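Colleague: following is a predicted model, sequence given first.
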Amino acid sequence: MGKDNKNNQMIIEVITLFPEMFENVLGTSILKRAQEKELVEIRLHQLRNWAKDKHRTVDDRPYGGGPGMVLKVDVVEPAIREVTNNQQPATGKVILLSPQGKRYNQKMARELAQEERLILVAGHYEGFDERIREFVDEEISIGDYVLTGGEIPAMVIIDSVVRLIPGVLGDDESAKWESFSKEGLLDFPQYTRPAEYKGLKVPEVLLSGHHAEIEKWRRKMAEEKSKRLG
């Protein structure tokens, strides 16, 4: 669903056991400016608030035995339900950060940037009760490696999505970046002063002032880098 709420502001909700992990990331650079400009509102929700006992227990040992602890469905599902329904309209795509999810890429970032609300569920410990998957819309993985929890993947998604919101980067920067990313190309090499450093020189074409030749060179370099590293 496209964004149609007041001021066209995107809302991102994060359900996590460690909201404090997000504070520095969300309070600096582009993410900070995007919030100050009211282009996005990012809300952090402590999962333990939905625990049912005085110890605020969110996990338990897995049935059948085995190492580690598993997040409880009767804690995570009420959290998803309440966070999703707590706003009007009660809409939003619920995403579970999971090693079993779809591999995240720029195309997915562009798709998520069109949403009115995102609800990101960051797990921890050994994993989720399998039944939790029945209450989410999509599962996303940022790569084939093991992390302690879903907090860092959630930050990756937030950063990659927010920078695509119109007005966050500015029209000129956004247009330049989008022209390459939509084609799946990596960025071209960048240089700045000095023109020579310890025998390493900036390519002559970048000093020429011929914009058409510069753009041609940049595209060629981006294509070569993408092919080499792809």
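Modeller: Arrived safely.
Colleague: please make it C-alpha for all contacts and neighbour counts, starting now.
Modeller: Noted.
Colleague: buried stuff in stretch 155-163?
Modeller: Buried residues in stretch 155-163, counted by 16 or more other C-alpha atoms under 10 Å: Met155, Ile157, Ile158, Asp159, Ser160, Val161, Val162, Arg163.
Colleague: can I take it that the first one is in a helix?
Modeller: Yes: following the definition DSSP: H, G, I helix; E, B strand; the rest coil, Met155 is counted among the residues of a helix.
Colleague: please name the residues that touch it.
Modeller: Contacts for Met155 (C-alpha atoms under 8 Å, 6 or more residues apart in numbering) come out as Phe22, Val25.
Colleague: again with the third one
Modeller: For Ile158, the contact set (C-alpha under 8 Å, 6+ apart) comprises Ile12.
Colleague: which two in the buried residues of stretch 155-163 are spaced the farthest apart?
Modeller: Farthest-apart pair in the buried residues of stretch 155-163 is Met155 and Arg163; separation 12.3 Å (C-alpha to C-alpha).
Colleague: roughly how far does the residue nearest the centre of the chain sit from Glu139?
Modeller: In the chain, the residue lying closest to the centroid (C-alpha atoms, centre = their mean) is Ile157, at 0.6 Å. Distance of Ile157 to Glu139, given as C-alpha to C-alpha, to the nearest Å: 12 Å.
Colleague: which element follows the helix-or-strand element of the chain with minimal mean pLDDT toward the C-terminus?
Modeller: Lowest mean confidence among the helices and strands of the chain (mean pLDDT, DSSP states H and E): helix 171-181, at a mean of 57. As assigned by DSSP states H and E, the chain's next helix or strand after helix 171-181 is strand 196-197.
Colleague: got the CA coordinates for the lengthiest helix in the chain in CSV?
Modeller: The single longest helix within the chain, with elements called by DSSP state H, is helix 211-229. Output in CSV follows, covering the C-alpha atoms of helix 211-229 (Å, rounded to 0.1, in the frame of the first residue of the first chain):
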residue,chain,number,x,y,z
HIS,A,211,30.3,16.2,-18.8
ALA,A,212,29.2,13.7,-21.5
GLU,A,213,32.6,12.0,-21.5
ILE,A,214,32.6,11.9,-17.7
GLU,A,215,29.2,10.3,-17.6
LYS,A,216,30.2,7.8,-20.2
TRP,A,217,33.3,6.9,-18.2
ARG,A,218,31.4,6.6,-15.0
ARG,A,219,28.9,4.2,-16.6
LYS,A,220,31.7,2.1,-18.0
MET,A,221,33.4,1.9,-14.6
ALA,A,222,30.2,1.0,-12.8
GLU,A,223,29.5,-1.7,-15.3
GLU,A,224,33.0,-3.2,-15.0
LYS,A,225,32.9,-3.0,-11.2
SER,A,226,29.5,-4.7,-11.1
LYS,A,227,30.6,-7.4,-13.4
ARG,A,228,33.8,-8.0,-11.5
LEU,A,229,32.2,-8.1,-8.0
